[in-house]
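> Compute the structure for the input listed below.
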Amino acid sequence: MANNIYNSNYMHSLQWTNSTGVDVLSGEIVVMGASADATLGVALVDIAAGASGSVGIDCGVQAAKVSAAVFADGESLVWDSSAAAFDDNAATPGAGDVAGSCRADKSGASSELTCEVWLTGIPGVLT
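Predicted coordinates:
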């Protein structure tokens, strides 16, 4: 299982087919679905391009954070796909970003490079 999960008490595991064209490593954030039903999960195992593997939702993970992002505990966050990091909800989502599918599990301050995020399993919006 991914080593960046800090709370798996409510976690659900789903099978996901990696159609990104690149290998996904255990612990990486993945985008599942499209448009208005994109959900964020965490790869529980390494998943080769074109292969299927387990992804966790409804769990707490430690992940990369946009260094300038500032947010409060419980705030909805944006997954910035180009930075492969979470940003605050004041950020304007760009192509490939997902908004509304996770929340901060701990406040985040400027210059911090990691954050604690709850991957809710609730669909968000993929830009």
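> how close does Asn4 get to Val55?
Counting by CB to CB, to the nearest Å, the gap from Asn4 to Val55 is 13 Å. The way it works is simple: take the backbone N, C-alpha and C, and place the C-beta from them, glycine included.
> neighbour-wise, which of those two wins?
Applying other CB atoms under 10 Å to Asn4 and Val55 shows that Val55 carries more neighbours, namely 26 against 18.
> Are we agreed that the more buried one is in a helix?
No: using DSSP: H, G, I helix; E, B strand; the rest coil, the assignment for Val55 is strand, not a helix.
> Which parts of this protein are strands?
Along the chain, the segments classed as strands by DSSP state E run 5-7, 12-17, 29-32, 39-43, 52-57, 59-64, 76-80, 85-87, 98-104, 114-119, 125-126.
> for the record, mean pLDDT for the second one?
Averaging the model's pLDDT scores along strand 12-17 yields 97.
> Next, the angle strand 39-43 makes with it.
90 degrees (axes from the mean of the first three to the mean of the last three CA atoms, to 10 degrees).
> what pairs with strand 12-17, and is each one parallel or antiparallel?
Sheet pairing for strand 12-17, assigned by DSSP bridges, gives strand 52-57 (antiparallel).
> Can you check which residues contact both of Asn4 and Val55?
Common contact partners of Asn4 and Val55 (CB atoms under 8 Å, 6 or more residues apart in numbering): Val42.
> if we can go back for a sec, what would the strands of the chain look like in a markdown table with distance to Asp23?
Output for those, formatted as a markdown table (distance: least, CB to CB, whole Å):
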| stretch | distance to Asp23 |
| --- | --- |
| strand 5-7 | 20 |
| strand 12-17 | 13 |
| strand 29-32 | 12 |
| strand 39-43 | 10 |
| strand 52-57 | 10 |
| strand 59-64 | 18 |
| strand 76-80 | 19 |
| strand 85-87 | 19 |
| strand 98-104 | 20 |
| strand 114-119 | 21 |
| strand 125-126 | 21 |
